[in-house]
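> Sharing a model that was predicted from the sequence below.
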Amino acid sequence: DARVTQTPRHKVTEMGQEVTMRCQPILGHNTVFWYRQTMMQGLELLAYFRNRAPLDDSGMPKDRFSAEMPDATLATLKIQPSEPRDSAVYFCASGLVLDSSYNEQFFGPGTRLTVL
Amino acid sequence: AQKVTQAQTEISVVEKEDVTLDCVYETRDTTYYLFWYKQPPSGELVFLIRRNSFDEQNEISGRYSWNFQKSTSSFNFTITASQVVDSAVYFCALSGSFNAGNQFYFGTGTSLTVIP
């Protein structure tokens, strides 16, 4: 049963520290998404990739957030320096886009980040 | 502009009652997909259904059914004979155009509580 995996599942850190979240998409999927979920803002799209190339990262605070896909099996989201307002659940999702078909995204379990 | 509206923020029903969750969408694309996801208290987002814009047939899966009406831009979700395990937040989503990389536009979610 293929699943998106995310590490760590929980992270507590102090303000100013660097945080790196990792995601392993489902093998064979060619699109990867990073979302942030908070009570106030709901689900926000931060960035997404197709075939490892970033397509849009306009949802991310550029000065502190960065997203990369070093290879097809790993996506990372980094926050440096972290701030209390970054506290949220961060989801990674992957999907398969072929030609003009729009397929569902499969979500990982999320990383619950708390910045003190 | 792409937009999904879930006007019902919270719904409570007594077990075995039927409940309908509303979803209204806006898009200029002629080809698009609609989705429903379930987020139980455990936090994971679980894919429920995908529907493309050319298929207006209603779909039934066990106690779940979906009513897609292009004329009203709605994609409503009905749970028949609700159960406590149905308690969750339900999200409706719309896929963007292919050139946007299969980006999803999520509604704000409807929190369903089924009371035993």
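Cool, the structure landed.
> Pull the distance from stretch B:108-116 to the chain's centre.
The chain centroid and the centroid of stretch B:108-116 are separated by 13 Å, computed with CA atoms, centre = their mean, to the nearest Å.
> Show me which residues of it are buried.
B:108-110, B:112, B:114 (16 or more other CB atoms under 10 Å in any protein chain shown). For every residue, glycine as well, the C-beta is placed using N, CA and C.
> Give me the nearest residue to the residue most central in space within chain A, chain neighbours excluded.
Closest residue to the average C-alpha location of chain A: A:Trp34 at 2.9 Å, with CA atoms, centre = their mean. Using CB to CB, 6 or more residues apart in numbering or on different chains and skipping the chain neighbours, the partner closest in space to A:Trp34 is A:Leu46 (4.3 Å).
> cool, B:Ile11 as well?
B:Leu112 is the one closest to B:Ile11 (CB to CB, 6+ apart), at 5.2 Å.
> residue ranges with poor pLDDT in chain A?
A:99-102 (pLDDT under 70).
> which bits of it sit near chain B?
By the rule CB under 8 Å from any CB of the partner chain, the part of chain A lying against chain B is A:31, A:33, A:42-43, A:45, A:48, A:50, A:55-56, A:89, A:91, A:93, A:95, A:97, A:99-100, A:102-110, A:112.
> Show me where chain A has its strands.
A:5-7, A:10-13, A:19-24, A:31-38, A:42-50, A:53-56, A:65-71, A:74-79, A:88-95, A:106-107, A:111-115 (DSSP state E).
> could you dump those to CSV with distance to B:Val13?
Formatted as CSV, the strands of chain A follow (distance: least, CB to CB, whole Å):
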stretch, distance to B:Val13
strand A:5-7, 33
strand A:10-13, 32
strand A:19-24, 36
strand A:31-38, 25
strand A:42-50, 23
strand A:53-56, 38
strand A:65-71, 40
strand A:74-79, 37
strand A:88-95, 26
strand A:106-107, 26
strand A:111-115, 29
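> I'd like to know how many residues surround the nearest residue to B:Gly43 once chain neighbours are set aside.
In space, and not counting its chain neighbours, B:Gly43 is closest to A:Gly110: 5.7 Å by CB to CB, 6+ apart. If you count neighbours by other CB atoms under 10 Å in any protein chain shown, A:Gly110 ends up with 24.
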